[in-house]
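S.K.: Coordinates for the following, if possible.
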Amino acid sequence: MIPKIATWKEGRVNELVEIISGNGVVGIVDIGGVPAKNMLDMRSSLRDVLTMTMAKKTLIRLAWLQTGRVAEELEVIFEGATQPCLVHSDKLNSYELFNELKKTRQGRAAKEGELAPIDIVVPAGPTEFAPGPLVGEFNAVGIPAKIERGKIAIPKDTTVVNAGEPMSADLGMMLAKLGINPIEIGLMLIGVIEDGLLMPADDLDLDLDGFRDDVVIATSRAFNLACNARWFSNETTPILLSKASSEALAVAVEAGIVNDKTAEYFVMRANARMLALASQLDSSALDEELTAALGAASSAATVSSETVGSDAGASAPAEVEEEEEEDAGFGGLGDLFG
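M.R.: Residues are numbered from 1 along each chain as shown. You can find the predicted model right below:
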């Protein structure tokens, strides 16, 4: 006699088929080990961007095959998953989904027999605990402790358990007292399907800060190259015009062309030469105005010399920075991304 399939199971498989083959992004997450309260909080925080559908592995397998996908790829995703669950979003792409689910991750204390996900190291330093029986309890689980300056302290960095080794309940409790909760829980994304393409979660874990830095550097270098190549665009034209104006002014001054822009430079140059000449004359040949001008120039030179002397240690790096800026040419675009 062929067993009759429960109606609710058939309905759930059809629901899963619709989700897997529908539009948007479908993710498979592992919710194993997440306490009920935490689960409710996580679902509530994500309600606006995705939906979650709980189902047993058997029903997910049936739905997977009915959508025409290969069974082996699902088994690879299921490997290591304790309690899989389907999530669906038509508001997020695969990378955004990964980042949203990553925010749900949090640590909890280790329980009896759980394996350490990484080498667990207790750092050296004082704790918040006053002297008492905790010293013996820490030492009993392999965490060296002693009394220093009225507090319990860990004298040196100590690896209390290596990755893959089981942990005791007592060790988990003492680690939790130190703020070390090594067991990670949350909506752990295993894989996603977007536009029919199946991608493992590892391919979605991008270094966004590093990527942003790379974009800033590449953009700055492109801007620098465009300016040095005299490539006119909305971004480079103001810089190129400013540089051309500066160079034209320098040529005009050297050529002795007098106009509204260059006149002040000629006056400044003539004044400097006049003071230099006056400084070579006997004081009896100078009037009061020239004497006062020479005195002011001498005082300014003395103050400048003292400032340079007191900052001699900082002057060399300043020169290096100036040289680097000259070599860089147009290198300030990165500030726009700050």
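S.K.: Show me the strands in the stretch 1-150 of the chain, by range?
M.R.: Assigned by DSSP state E, counting those that start in this stretch, the stretch 1-150 of the chain shows strands spanning 25-30, 51-54, 84-89, 106-108, 120-122, 125-126, 146-148.
S.K.: Any chance of those strands in TSV with distance to residue 183, mean pLDDT and mean neighbour count as columns?
M.R.: In this view, the C-beta of every residue, glycine as well, is placed from N, C-alpha and C. Shown next, in TSV, are these (distance: least, Cβ to Cβ, whole Å; pLDDT from 0 to 100; neighbours: other Cβ atoms under 10 Å):
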stretch	distance to residue 183	mean pLDDT	mean neighbour count
strand 25-30	13	89	24
strand 51-54	22	88	14
strand 84-89	19	89	21
strand 106-108	5	85	15
strand 120-122	10	92	18
strand 125-126	23	91	12
strand 146-148	28	90	13
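S.K.: between the ones you listed, which gets nearest to residue 290?
M.R.: Of all those, the one in closest proximity to residue 290, counting by Cβ to Cβ, is strand 125-126 (69.6 Å).
S.K.: circling back: and the strands of the stretch 1-150 of the chain: which comes nearest residue 265?
M.R.: Closest to residue 265 of the strands of the stretch 1-150 of the chain, according to Cβ to Cβ: strand 125-126, at 62.6 Å.
S.K.: which residues sit against the closest one?
M.R.: Residues from elsewhere that reach strand 125-126 (Cβ atoms under 8 Å, 6 or more residues apart in numbering): 148-149, 151-154.
S.K.: Pick out the lowest-pLDDT one from these.
M.R.: pLDDT across the contacts of strand 125-126 is lowest for residue 149, at 86.
S.K.: between the strands of the stretch 1-150 of the chain, which gets nearest to residue 278?
M.R.: Using Cβ to Cβ, the strands of the stretch 1-150 of the chain put strand 125-126 closest to residue 278, at 68.5 Å.
S.K.: Walk me through which strands the closest one pairs with, and which way each runs.
M.R.: Strands adjacent to strand 125-126 in the sheet, as given by DSSP bridges, are strand 151-154 (antiparallel).
S.K.: List the buried residues in the strand it pairs with.
M.R.: By 16 or more other Cβ atoms under 10 Å, the buried positions in strand 151-154 come out as 152-154.
S.K.: Residue 237 and residue 231, how far apart?
M.R.: Separation of residue 237 from residue 231 (Cβ to Cβ, to the nearest Å): 10 Å.
S.K.: To clarify, my last question referred to residue 102.
M.R.: Note on residue 102: its distance to residue 231, by Cβ to Cβ, is 41 Å.
S.K.: same deal with residue 147?
M.R.: Distance of residue 147 to residue 231, computed by Cβ to Cβ: 69 Å.
S.K.: What lies in contact with the host helix or strand of residue 192?
M.R.: Element membership of residue 192 [criterion: DSSP states H and E] is strand 188-194. For strand 188-194, contacts defined as Cβ under 8 Å, 6+ apart pick out 20, 25-31, 77-78, 81, 84, 93-94, 97-98, 101-102, 105, 198-201, 204.
S.K.: Just the buried residues from those, in PyMOL please.
M.R.: Applying 16+ other Cβ under 10 Å to the contacts of strand 188-194 leaves a buried subset, and the PyMOL line that selects it is:
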select buried, resi 20+25+26+27+28+29+30+31+77+78+81+84+94+97+98+101+198+199+201+204
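S.K.: coming back round to it: closest one of the buried residues of strand 151-154 to residue 168?
M.R.: residue 154 (18.6 Å).
S.K.: Now do that closest one against residue 107, distance only.
M.R.: Remark: distance between residue 154 and residue 107 (Cβ to Cβ) = 19 Å.
S.K.: Residue 230 too?
M.R.: In this view, residue 230 and residue 107 are 56 Å apart by Cβ to Cβ.
S.K.: do the same with residue 100
M.R.: Noted for residue 100: a distance of 19 Å to residue 107, by Cβ to Cβ.
S.K.: Also residue 199?
M.R.: Distance of residue 199 to residue 107, computed by Cβ to Cβ: 26 Å.
S.K.: what do you get for residue 249?
M.R.: Distance, residue 249 to residue 107, using Cβ to Cβ: 63 Å.
S.K.: Residue 19 and residue 55 touch, don't they?
M.R.: No - counting by Cβ atoms under 8 Å, residue 19 sits too far from residue 55 to count as a contact (9.6 Å).
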